[in-house]
Structure formats: C-alpha cells, structure tokens
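[1] build the 3D model from these lines:
(one chain, ligands or ions: 3)
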Amino acid sequence: MFVLTSSQMREIDRKASQEIGIPEVVLMENAGFCVFEEIRKDFETLDDKNIAVFCGKGNNGGDGFVVARYLAQVCPNVKVFLFDENVTLISKVFLDILKRLEVDVSILSEELLLSLKTQRFDIIVDAIFGIGLSKDIDGLYKKAIEYINGSGAYVYSVDIPSGICSDSASVRGCAVKANKTVTFVYPKIGNILYPGSYYCGKVIVKDIGIPEKIIKDIKVKILTAEDLDISKFYRFPDSHKGDYGKVGIVAGSKYYPGAAVLCSNAAVQSGCGLCYLITPQEALYFQNLRKPEIVVLPLEGKEGVISFDGFVKFDEYLAKFDVLGFGCGLTKNEEVEKILIHILENFQIPIVIDADGLNTLSSSQKAKKLLANYKSQKVLTPHYMEAARILGVDVKDVAKSPIDAATKIASEFRAICVLKGSRTIITDGDEVFINVLGNPGMAKGGSGDVLTGIILSMIAQGYSAFEAAKLSVYLHSLSADILLEKKAMQTILPSDIIEGLDSAIRRLIEG
Ligand SMILES: NC(=O)C1=CN([C@@H]2O[C@H](COP(=O)(O)OP(=O)(O)OC[C@H]3O[C@@H](n4cnc5c(N)ncnc54)[C@H](OP(=O)(O)O)[C@@H]3O)[C@@H](O)[C@H]2O)[C@@H](O)CC1
Ligand SMILES: Nc1ncnc2c1ncn2[C@@H]1O[C@H](COP(=O)(O)OP(=O)(O)O)[C@@H](O)[C@H]1O
Ligand SMILES: [K+]
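    Numbering: from 1, shown residues only. Ligands and ions are numbered 1, 2, ... in the order given. Okay, the predicted model is just below:
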C-alpha cells in the first residue's frame, strides 16, 4: 500500500478533477460519506448520541460538513462548530446545505468553548485541519483541540488528526488524539510514522472514487507480505547445506559477547547453510548460549577486543563467505577501523554493517569513501542515533524526517539502508518501504543484532540485499508480534525473537 505526501495527494486530487473531470464536490461528498459510514458501523444506534463536529475553514472542514449532514439524518443532537465562516468555495456548497437543512451550526468563540465544558459529547468529529496544516497551532484552535482531547468523547479525525503534519508526522504545537482516523485514497506519512500514528488511533483508509490509473510515481509504500519474495524458502529435496550459503560474522568483544551470540544464532535459525563467527577469544566466556551449529573462529584479541593482526589470519575464510556481517558488539577503536578498511579494500563480498561497524564508519572519512565505491551489495542498519552520526546531523533531524535520512544514507553509500525504529524504513535510495509490524517489546538491547543475523542469512540464501532487508525486517517484527500473543511485552527477549522465527516464517508462508 502506498503512503502519500500532502503534495502527492493534492496532485492526485488535481488530476482527478482537472484531467479526469471528477468534480471536487463529488470527492468531498465521498470523503465525508466514508467517515459517516465508519461512525455508523461503530455504534448500534446514533439517535441517542450527542455529537459535535468541529470544522476548519479549509476543505477538511468541508468534509466535516458532509459528515454532519449524514449524521443529522440519523441523530437529532448534532452540533457543528465552525472556526471561521470564510470557508473554501467547495466547502461552502456543503455549509449552505447544512444551513438550509437547519442543522445547528455555530461560530466557535472562547465563550462558546467554555460553555461546552458543561456539555457531554459522546462522539466528536475532528475536521479542523487536514493536509493543509501550514503552521503551529495556537489560540482558539489550540483551546478547542485541548477541549476535544479532554472531552472523554469517542473522537474521529478526518484524514489526519488536526495538528499532525501529514508530511513529517510531527505534532505542530498540539494535536487531536483520535480513536479512529479515516483517511482517503492512501494513508499519508503522518498517519503512519510516529508520533502522528499514535495520535491517529486506528487508521481506516477509504476509496473516494479516484481512479487508480492516475496514481503514479509513488515511491513510498507500507511493507506488506505481498512485497516479499518467499520463493527461496522452498527447499529442493536433493539440496545440501552449500545451497543455502555461508554467512561470516565479525562480532563481539569481552564487553559485548552476547551481541555475537545473538547475531549468529539468528543467522542459523533463519536458514543459512553455514555460519562462521569470528570473535575475540576473550568473548568466548559467554558463549554457552551459542547454538552449536555455529562454527567459531576465535581470534587473538587485544585487551578484550578484536585486533587487526588477529583478524588478517582469517582472510582466506573471508574469501569463501557469501556474505559478511560486521559490527555487532565490536566496540569502537582504531583496530576496528583498520579491519573495516582492510575488508573494503581487499574483498568484494556482500556486507551488512551494523552497530560499531557503523560508528566506526561515521568517524572515518577513508572508510566512508571506500564503502561508497565498494563493488558489492551493502546493507547498513543504523538506528536513529547511528544514522545521525553517519550523516553528521542531530538525532532530532533524523527523527523529524526519517525517510529523507534513510534515503540520503542509501544514496551516499549506494547501499540498502535499514533505518531501525518503531517504524523501520528500508530503502535503496529510490523505493522506500515502511514496516508497520513490531511492538515496543523489541525495544531491548540485542534486538538489532538479531535483525542483522536474519539479513545475513537471507542474503546467504540467495536474496538480493534489498529483498533480504525487507524480508528480514518483516519476519523480525512479525516474530515479536506473534510472541505478544502469549507473552507480556516486558518479557520479550531478543533470544525469544530468534526462537519465534519459526512461527513467523510459517505464518508468512501459509499467508
Ligand atoms: N479535492 C480535494 O482537495 C479533497 C480534499 N479533501 C479534504 O481536504 C483536506 C485538505 O484541505 P485544504 O487543502 O483546504 O486544507 P485544510 O487541511 O482544510 O486546512 C487549510 C486551512 O487551514 C488553515 N490553517 C492551516 N494551518 C493552520 C493553523 N495552524 N492555524 C490556523 N489556520 C491554519 C489554512 O490557512 P492558510 O495556511 O491558508 O493561512 C487554510 O485555511 C484534506 O485533508 C481532506 O480532508 C477531501 O475532501 C477529498 C478531496
Ligand atoms: N517500539 C518499537 N516498535 C517496533 N520495533 C521496535 C521498537 N523498538 C525497537 N524496535 C526494533 O528493535 C530493533 C532494535 O535495534 P537496535 O536499536 O539496533 O538495538 P540493539 O543495538 O540494542 O540490538 C530494531 O529492529 C527496531 O526496529
Ligand atoms: K482532521
């Protein structure tokens, strides 16, 4: 499913009306009716409800007038509150209809808002601002939004909660906290990314009669099962371990031995034929939880961390790997930088760089340049802070426009970027997929190491870096969601996510 920006939505509306000839009033009528239908579906009866519809002066308010008209047909207690009578031309068509039908329409003022505090509304429709929100909210708008949020009513937002920026999902001053948001054609970025997604409540996407053929060149999509290639999950009866690829993992240190265990356990659990773990000897004390299927190549370390001299002894192994994982739990130091540069200068294996590999990259201009010119597939898996370090920006900037940040990283390094967060973004610099599965039970040290192991395994099994990244992000979070059916969120461990891959893979295959 596509995800739109406000300008793409406007262009779609423009084409529908100007090129195809669908009148804008028809689109507004359809939009308002869709919202009404959703409300009607949610309540057994509406005639005993007190309903308020708050309408702005733009077309979002126009949708609100349509909703109010339909509601007034089935409920005697519908009140419309209008911020400004100077509404758009299309909205005016529907405002005039309301007036002719003698629906209760009032211009909102501070006094009126204050008097509403003694009234109780069961349902409130928020049609104040949609994709046209152009500045931070203040004054009467702010007070009205605070009133709506404190009202205890069941709140429907039309298109997007008023106050949420549809392009960045940020809160502009304040925002309506809806129970349900009915959006049109396709969801907007503000409906999908956080914090906007939180304010939306449940998001319902409705068709308002815009022909599919005019919706072109949309590069951002929600990651769904249909976007995934599972063909390589089929195993030929006469296949052998060599058919499922060799993963090499450079990970771990005396300080973070578990990162190496989680990453390599995840790789073998998700199907690769062989998994080799190159880790400092000093990290082995912790390895009793390591799956016995993993081949360990203990490396001579330096004060508990990986050393360049120890690493180069494994060069001949590296040449045999189908994919190399670099970074989980290595710590950041000069040795790690030297090793990364050595790999990038001397090998051409598909590489997945995570954690300390990324931190090393951010502070090494040489490694950055080599990576950009590295002639094999690359996947970078930063979380927001790691992405900020790579880009040399504040983490707030990444949070404000994560799609831009991920796209920039992918383009700069000609790599696949997996920008990890509550909504993970996967991009090759052109197409963008947003993962909407997963839960805060995954917010625990080690979850990222597990994801890296899965990506490595998928590449080893023959998937392209992009396909592997999409598939792995999906399975990783699906596994955590399935765990939630039996476990409390707090108790989910990254190791459980590894064990849960079995159910996740089966659920994906079975559909
Ligand atoms: N054919 C179509 O287009 C369809 C559109 N549809 C619907 O239209 C919606 C988009 O409508 P829209 O473009 O009129 O923008 P909308 O969100 O109503 O707000 C703009 C108004 O608010 C004002 N304003 C903004 N921020 C403000 C602030 N902080 N504080 C105060 N004022 C502020 C802004 O003022 P200005 O920036 O011009 O000063 C302007 O007056 C869309 O979300 C969907 O619901 C559907 O019917 C389907 C067909
Ligand atoms: N609230 C959340 N909702 C969904 N997924 C989450 C949430 N918090 C974390 N995750 C996922 O958990 C993983 C955490 O990775 P990362 O931050 O690298 O952790 P670590 O480095 O400690 O292993 C990512 O895949 C991320 O998408
Ligand atoms: K709204």
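
[2] I figured P298 was touching Y285, is that so?
    No - judged on C-beta atoms under 8 Å, P298 makes no contact with Y285 at a distance of 11.3 Å. All C-beta spots, glycine's among them, are computed from the backbone N, C-alpha and C.

[3] more neighbours, those two?
    P298 (15 against 9; other C-beta atoms under 10 Å).

[4] can I assume the more buried one sits in a strand?
    Yes - membership of P298 in a strand is supported by DSSP: H, G, I helix; E, B strand; the rest coil.

[5] need the contact list for it.
    T279, P280, Q281, L284 (C-beta atoms under 8 Å, 6 or more residues apart in numbering).

[6] same check on E499?
    Q269.

[7] gap between the residue nearest to S170 when sequence neighbours are not counted and ligand 1?
    Computed as C-beta to C-beta, 6 or more residues apart in numbering, the closest residue to S170 that is not its neighbour in sequence is K400, at 6.2 Å. For K400, the distance to ligand 1 equals 18 Å [C-beta to the nearest ligand atom, to the nearest Å].

[8] was I right to think K400 contacts S168?
    Yes - counting by C-beta under 8 Å, K400 touches S168, with 5.7 Å between them.

[9] so which of the two has more stuff around it?
    More neighbours surround S168 than the other of K400 and S168, with 20 against 15 (other C-beta under 10 Å).

[10] quick check: domain ranges of this structure?
    With domains defined by automatic domain parsing, the chain comprises 6-217, 225-510.

[11] let's have these in a markdown table, adding mean pLDDT.
    Formatted as a markdown table, the domains of the chain follow (pLDDT from 0 to 100):
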| stretch | mean pLDDT |
| --- | --- |
| domain 6-217 | 96 |
| domain 225-510 | 96 |
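
[12] and ligand 3, which of those domains is closest to it?
    For the domains of the chain, the distance to ligand 3 is smallest for domain 6-217, at 4.3 Å, taking C-beta to the ion.

[13] quick one: that closest one near ligand 3?
    Yes - counting by C-beta under 5 Å from the ion, contacts between domain 6-217 and ligand 3 involve D126, S157, V158, S162.

[14] S168: which element?
    Under the criterion DSSP states H and E, no helix or strand holds S168.

[15] in stretch 329-343, what counts as buried?
    Of all the residues in stretch 329-343, those buried under the rule 16 or more other C-beta atoms under 10 Å are 329-333, 335-343.

[16] go on, stretch 71-81?
    Those would be L71, A72, V74, C75, N77, V78, K79, V80, F81, for stretch 71-81 by 16+ other C-beta under 10 Å.

[17] which residues touch the closest residue to the fifth one other than its chain neighbours?
    The shortest distance from N77 to any residue that is not its chain neighbour, by C-beta to C-beta, 6+ apart, is 4.7 Å, and that residue is N50. For N50, the residues meeting the contact criterion (C-beta under 8 Å, 6+ apart) are N77, K79, Q119, R120, F121, D122, I123.

[18] using JSON lines, lay out these together with secondary structure.
    Shown next, in JSON lines, are the contacts of N50 (three-state DSSP):
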{"residue": "N77", "secondary structure": "coil"}
{"residue": "K79", "secondary structure": "strand"}
{"residue": "Q119", "secondary structure": "coil"}
{"residue": "R120", "secondary structure": "coil"}
{"residue": "F121", "secondary structure": "coil"}
{"residue": "D122", "secondary structure": "coil"}
{"residue": "I123", "secondary structure": "strand"}
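
[19] report the buried members of those residues.
    Of the contacts of N50, these count as buried by 16+ other C-beta under 10 Å: N77, K79, F121, D122, I123.

[20] correct me, but the fourth one touches A52?
    So the one you mean is D122. No - D122 is beyond contact range of A52, at 9.3 Å (criterion: C-beta under 8 Å).

[21] what touches both of the two?
    With C-beta under 8 Å, 6+ apart as the test, D122 and A52 both reach A153.

[22] middle-most residue in the protein, spatially?
    Closest to where the C-alpha atoms of the chain average out (C-alpha atoms, centre = their mean) is R423, at 2.5 Å.

[23] was I right about it contacting I434?
    Yes - R423 is within contact range of I434, at 5.5 Å (criterion: C-beta under 8 Å).

[24] shared neighbours, these two?
    I192, L193.

[25] get me the contact residues on the stretch 201-350 of the chain for ligand 1.
    Residues of the stretch 201-350 of the chain lying close to ligand 1 by C-beta under 6 Å from any ligand atom are I208.

[26] now do the longest strand seen in the chain: everything it contacts.
    Looking across the chain with DSSP state E, the single longest strand is strand 274-280. For strand 274-280, the external contacting residues (C-beta under 8 Å, 6+ apart) are 241, 245-254, 257, 260, 264, 267-268, 290, 293-301, 304-307, 310-311, 314, 317, 321, 457.

[27] just checking, L493 touches K444?
    Yes - counting by C-beta under 8 Å, L493 touches K444, with 6.8 Å between them.

[28] sorry, back to before: can you give the strand pairings for the longest strand of the chain, parallel or anti for each?
    Its sheet considered, strand 274-280 pairs with strand 246-250 (parallel), strand 295-299 (parallel) by DSSP bridges.

[29] CA-only coordinates of the last one in PDB, if you can.
    So the one you mean is strand 295-299. Once non-C-alpha atoms are left out, strand 295-299 reads as follows in PDB (Å, rounded to 0.1, in the frame of the first residue of the first chain):
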ATOM      1  CA  VAL A 295      31.400 -22.500  13.600                       C
ATOM      2  CA  VAL A 296      33.600 -20.400  15.800                       C
ATOM      3  CA  LEU A 297      36.800 -18.900  14.600                       C
ATOM      4  CA  PRO A 298      38.400 -17.500  17.800                       C
ATOM      5  CA  LEU A 299      40.600 -14.500  17.100                       C
END
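
[30] quick one: name whatever helix or strand follows that strand.
    Defined by DSSP H and E, the subsequent element after strand 295-299 is helix 308-312.

[31] which parts of the stretch 401-511 of the chain sit against ligand 2?
    Residues of the stretch 401-511 of the chain found near ligand 2 (C-beta under 6 Å from any ligand atom) are 420-422, 424, 438-440, 442-443, 445-449, 451, 477.

[32] how about the helices in the stretch 401-511 of the chain?
    Here the stretch 401-511 of the chain has its helices, by DSSP state H, counting those that start in this stretch, at 402-413, 447-460, 465-483, 494-499, 501-510.

[33] pick out the most distant pair among the buried residues of stretch 71-81.
    V74 and F81 (19.6 Å; C-beta to C-beta).

[34] spit out the contact partners of the residue nearest to A319 when sequence neighbours are not counted.
    Distances taken as C-beta to C-beta, 6+ apart place F347 nearest to A319, at 7.0 Å, with adjacent residues excluded. F347 makes contact with L318, A319, L324, S376, according to C-beta under 8 Å, 6+ apart.

[35] quick one, what contacts the last one?
    Counting by C-beta under 8 Å, 6+ apart, S376 touches F347, Q348, I349, P350, I351.

[36] how about the second one, secondary structure?
    So that's Q348. Q348 ends up coil, using three-state DSSP.

[37] go ahead and confirm it touches K378.
    No - counting by C-beta under 8 Å, Q348 sits too far from K378 to count as a contact (10.9 Å).
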